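# Using only what follows, build the 3D model:
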Amino acid sequence: MGEQFWWFYDIIALAVIFTCVFISARKGAMHAVSMLIAYVLAFGLAFSFSAALGGAIADNLITNSNTKKINTTLSGYKFTAKVTEYINTLDYDVNVDSKQIEEIYRGNKNYNDELLKYVNNRKGKKVEEDPMRFAKRMNECYSQMIRSIVGENLNKYSAEVAAKKVIDDPESFNELIPMLMNKEDKSEAAEYISENYVQEAYETISKLLCFIIMFTLAFIALLMFFRSMLGNQYHEMRIPAHVGGALIGIPKGIILCFAAAAVIRLYVVLGSDEMLFFNFNAIDKTYIFKHMYNNVADMM
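Got it, this is the predicted structure:
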């Protein structure tokens with residue numbers, strides 16, 4: 001869905017709320033109360049347990065699989081060749097040597113300072129006066145690398161999250177560089193990337209999945225429980241308290257919208273990169289739905 005269709009989310013949210021109001025008014029207050037209790041309890045149970053369960057699933061099942069996939073991607077990965085290629089595409093109009101780049105990375109850990117000295121001396125004159133600007137450019141290079149490494153065998157959401165983490169915390173990548181320089185064994189680098197750059201994204205996915213599944217199952221179970229406890233009375237609860245039923249329909253609709261926001265957020269993070277950006281921008285323009293969407297994101 002394109003960014004110009006941001007209004008669609010608000011219309012759906014209002015439609016869900018008004019539908020719940022209409023059905024609750026038609027069914028009556030007592031019937032609406034039993035449904036609201038089921039919604040609230042289901043939401044509370046799902047919210048209470050999905051974070052812990054989702055985190056445990058990500059830690060015990062997904063992380064090892066992700067590490068193996070990243071290790072496969074890193075097999076034969078030539079870090080210094082990628083850096084060399086990147087620097088040579090900049091507007092410095094210099095051709096750096098891959099062997100010299102490798103020597104810099106195998107030396108002290110003031111990588112950006114040493115790289116800048118080398119680039120500035122390549123033509124006997126300074127081509128970059130601002131160390132901060134050069135450091136930012138190199139950080140963009142590392143961010144692109146992580147996006148490519150993670151996105152090779154994992155989903156695009158995790159690749160984007162990983163790339164942003166590199167931008168936000170440049171020092172973390174400096175810790176990774178010696179591991180990437182190890183030509184014999186990339187397993188340590190794969191484990192570092194999985195735990196520091198990818199783990200959070202997959203925890204979010206796991207928590208969202210657990211929340212949606214637990215909310216659905218808990219609601220169905222509670223609904224069946226109420227029906228079995230009340231028996232025939234459940235279908236006779238349509239007393240003509242239409243105004244009370246309508247009012248109770250409002251929180252029911254809001255809870256359903258929160259559940260829908262969790263489904264949409266899961267769809268966004270599992271979607272293509274195009275879906276990823278267009279949906280984030282579209283949702284951010286909404287007046288109603290963005291609050292539910294962002295609250296779901298914060299809860300996860």
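
# which secondary structure elements does the host helix or strand of residue 56 contact?
Assigned by DSSP states H and E, residue 56 falls within helix 29-57. Helices and strands touching helix 29-57, by 3 or more C-beta pairs under 8 Å, 6 or more residues apart in numbering; DSSP states H and E, are helix 7-27, helix 199-230, helix 242-270. Every C-beta, even on glycine, is put in place using the N, C-alpha and C of the backbone.

# tilt between that helix and helix 199-230?
Note on geometry: by axes from the mean of the first three to the mean of the last three C-alpha atoms, to 10 degrees, helix 29-57 and helix 199-230 are set 150 degrees apart in direction.

# Give me the buried positions along the helix or strand containing residue 138.
Element membership for residue 138, per DSSP H and E: helix 131-153. Within helix 131-153, the residues that count as buried by 16 or more other C-beta atoms under 10 Å are 134-135, 137-139, 141-143, 145-147, 149-151.

# before we move on, what about stretch 214-226?
When neighbours are counted by 16+ other C-beta under 10 Å, the buried residues of stretch 214-226 are found to be 214, 215, 218, 219, 222, 223, 226.

# what's the answer for stretch 62-78, then?
62, 63, 66, 67, 69, 70, 71, 73, 74, 77.

# so the last one sits right up against residue 146, yeah?
Just to be clear, that refers to residue 77. No. Contact status for residue 77 versus residue 146: not in contact, 11.6 Å apart, counting by C-beta atoms under 8 Å.

# for the stretch 151-300 of the chain, which spans come out with low pLDDT?
229-245, 271-280, 297-300 (pLDDT under 70).

# Now with 50, please.
Residue ranges of the stretch 151-300 of the chain with pLDDT under 50: 234-239, 272-273, 276-278.

# how near is the closest residue to residue 252 other than its chain neighbours to residue 227?
Closest residue to residue 252 apart from its sequence neighbours, by C-beta to C-beta, 6 or more residues apart in numbering: residue 20 at 4.4 Å. Separation of residue 20 from residue 227 (C-beta to C-beta, to the nearest Å) stands at 19 Å.

# do the same with residue 41
Distance from residue 41 to residue 227, by C-beta to C-beta: 15 Å.

# Same question for residue 134.
The separation that residue 134 has from residue 227, given C-beta to C-beta, amounts to 68 Å.

# got it, and residue 59?
On the measure of C-beta to C-beta, residue 59 and residue 227 end up 38 Å apart.

# what inclination does the helix or strand following the helix holding residue 138 have with respect to helix 242-270?
Remark: after helix 131-153, the chain's next helix or strand is helix 156-168, criterion DSSP H and E. Going by the same axes, to 10 degrees, helix 156-168 is angled at 70 degrees with respect to helix 242-270.

# give the contact list for residue 67.
For residue 67, the contacting residues are 187, 190, 191, 194, by C-beta atoms under 8 Å, 6 or more residues apart in numbering.

# how about a cut-off of 6 Å?
Residues in contact with residue 67 (C-beta atoms under 6 Å, 6 or more residues apart in numbering) are 190, 191, 194.

# If we ignore the residues flanking it in sequence, what's nearest it?
residue 194 (4.2 Å).

# from what I can see that neighbour touches residue 66, true?
Yes. Assessed by C-beta atoms under 6 Å, residue 194 is found in contact with residue 66 at 4.7 Å.

# For residue 41, which non-adjacent residue is spatially closest?
residue 222 (5.6 Å).

# Would you convert the helices and strands packed on helix 29-57 into TSV that also reports distance to residue 103?
As requested, the helices and strands packed on helix 29-57 are exported to TSV (distance: least, C-beta to C-beta, whole Å):
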stretch	distance to residue 103
helix 7-27	53
helix 199-230	33
helix 242-270	41
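
# among these, which is the most enclosed?
helix 242-270 (a mean of 20; mean count of other C-beta atoms under 10 Å).

# tilt between that one and helix 7-27?
Using the same axes, to 10 degrees, helix 242-270 lies at 150 degrees relative to helix 7-27.

# And the residue nearest the centre of the chain, how far from residue 58?
Centroid check for the chain by C-alpha atoms, centre = their mean gives residue 201 as the closest residue, at 4.6 Å. Residue 201 sits 9 Å away from residue 58, going by C-beta to C-beta.

# for residue 64, same thing?
Separation of residue 64 from residue 58 (C-beta to C-beta): 10 Å.

# Kindly report the same for residue 78.
In terms of C-beta to C-beta, residue 78 sits 30 Å off from residue 58.

# Also residue 15?
For residue 15, the distance to residue 58 - C-beta to C-beta - is 34 Å.

# Likewise for residue 159?
Counting by C-beta to C-beta - residue 159 and residue 58 are separated by 17 Å.

# follow-up on the earlier one: CA-only coordinates of whichever helix or strand comes after the helix holding residue 56, as PDB, when you get a sec.
Using DSSP H and E, the helix or strand that directly follows helix 29-57 along the chain is helix 63-74. Extracted in PDB, the C-alpha atoms of helix 63-74 (Å, rounded to 0.1, in the frame of the first residue of the first chain):
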ATOM      1  CA  THR A  63      19.400 -17.200  17.100                       C
ATOM      2  CA  ASN A  64      21.300 -20.400  16.300                       C
ATOM      3  CA  SER A  65      19.600 -20.700  12.900                       C
ATOM      4  CA  ASN A  66      20.400 -17.100  12.100                       C
ATOM      5  CA  THR A  67      24.000 -17.500  13.200                       C
ATOM      6  CA  LYS A  68      24.400 -20.500  10.800                       C
ATOM      7  CA  LYS A  69      22.900 -18.500   7.900                       C
ATOM      8  CA  ILE A  70      25.100 -15.500   8.500                       C
ATOM      9  CA  ASN A  71      28.200 -17.800   8.800                       C
ATOM     10  CA  THR A  72      27.300 -19.200   5.400                       C
ATOM     11  CA  THR A  73      27.000 -15.700   4.000                       C
ATOM     12  CA  LEU A  74      30.400 -14.700   5.500                       C
END
